[in-house]
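# test case, fold it:
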Amino acid sequence: KAGIGFYPLFIPNMKIFFIEVLYRPLFNALVFLYNTAAFHDLGLAIILLTLLIRFILYPLFYKSFKNQLVMQRLQPHIKRIQETHKDDKQQQATKLMELYREHKFNPFSGIFLLILQLPVLIALYQVFLNDFTSDAVLKSLYSFIVPVSSIQASFFGLIDLAKPSMIVLVLAVVAQFFQAKAALPKPSASTPASAMSKQMLFIGPVITFFILLRLPAAIGFYWVITSLFSIFQQFIVTRSLDLKPHGNLSGSSQESR
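Just a heads-up that it's a prediction; the model follows:
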C-alpha cells in the first residue's frame, strides 16, 4: 500500500500537520531502526519503535493511568455523595468538585489524553500498512535516512508481518485481556466503574480480535508490544500511588458531611 490514503477527521491544513509532525518522523524512525539497531528485522524494528514511542509519551500515559486508578479509588466516595445529595443536584456537584480538588483529580483529563494519543496511534498504523519500497512512500524519507531497497517483513524469520497471522492475533487478544485485567479495581471495590472494567475485560479482547483479524500482522505485533508495555506502566503507576498516596483515598472524606 503506497502513500497515506486515510486522514481521520483532518481538515486540509491538519493533513499537513499529520504528515510532517506525526507520520514522517515515525516512518523515518522505523526505517532508521530497521537499517541499524534492528539488523534488517521488521519485527525487532517495531519493538524498538514501540518502546521509543512509549518512553517519549510516558508522561501522558502515566497521567492517564494515574487518573484511572485515582478515579477507581474515589468511586465509593462519589457514590456516597450521589446518594447523600440525590435530591440536591447543585450541592451534589459542589461536593464532587470539592472531592476532586482535595485529591487533585481532573475528571476530564482522561478524555483529553485519549484525544492526544489517538493521532499517534493512527500514524503508527499508517506506517505499518505501507510498502516501504514503493516510490511514493520513499519520498517521505528524510535526506539523511538510507532508503530500503527490499524489506524482510518478518520477526526473526518466524512470522510474516506483511500478512495476517493467527499467532500474532491470539497473542494480541491475550495481551489485551491481561492489560484490562491489570487495570481492574480491587475485588472489594464494588462500584459501577469496577463493573464496567469487568465487562471490558472481555469486550476489549473481542474488539481487538475483529479489528486485527484481516490486518497485517505488523499492526497486531505492535498491539502486543504496546499492551505488554502498558501492563508494565500500570504496575509502576500503581506502586507509585501506593507509596505516595494522593490524599486519604481509603479514609473518610468531606463528602459524607
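
# tell me which helix or strand the residue nearest to Leu30 when sequence neighbours are not counted sits in.
Spatial nearest neighbour of Leu30, chain neighbours left out: Leu49 (5.1 Å); criterion: Cβ to Cβ, 6 or more residues apart in numbering. Yep, even glycine has a C-beta here, placed from its N, CA and C like the rest. Assessed by DSSP states H and E, Leu49 sits inside helix 42-56.

# what does Phe144 give?
Using DSSP H and E, Phe144 falls within no helix or strand.

# just the pLDDT for it.
You'll see Phe144 listed with a pLDDT of 92.

# and if you look at Pro245?
If you check Pro245, the pLDDT there is 47.

# CA atoms only for stretch 85-103, dumped as CSV, please.
What follows is stretch 85-103, C-alpha atoms only, in CSV (Å, rounded to 0.1, in the frame of the first residue of the first chain):
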residue,chain,number,x,y,z
HIS,A,85,-27.3,14.7,47.9
LYS,A,86,-29.6,12.9,45.4
ASP,A,87,-32.3,15.5,45.9
ASP,A,88,-30.0,18.5,45.5
LYS,A,89,-28.0,18.4,42.3
GLN,A,90,-26.3,21.7,42.9
GLN,A,91,-25.0,20.6,46.3
GLN,A,92,-24.0,17.2,44.8
ALA,A,93,-22.0,18.9,42.1
THR,A,94,-20.3,21.2,44.7
LYS,A,95,-19.3,18.2,46.9
LEU,A,96,-18.0,16.3,43.9
MET,A,97,-15.8,19.3,42.9
GLU,A,98,-14.5,19.6,46.4
LEU,A,99,-13.7,15.9,46.4
TYR,A,100,-11.8,16.3,43.0
ARG,A,101,-9.9,19.3,44.3
GLU,A,102,-9.0,17.5,47.5
HIS,A,103,-7.4,14.7,45.5
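
# and the helices in this protein?
With helices called from DSSP state H, the chain shows them at 12-17, 24-35, 42-56, 58-84, 89-102, 109-129, 135-138, 166-182, 192-212, 217-243.
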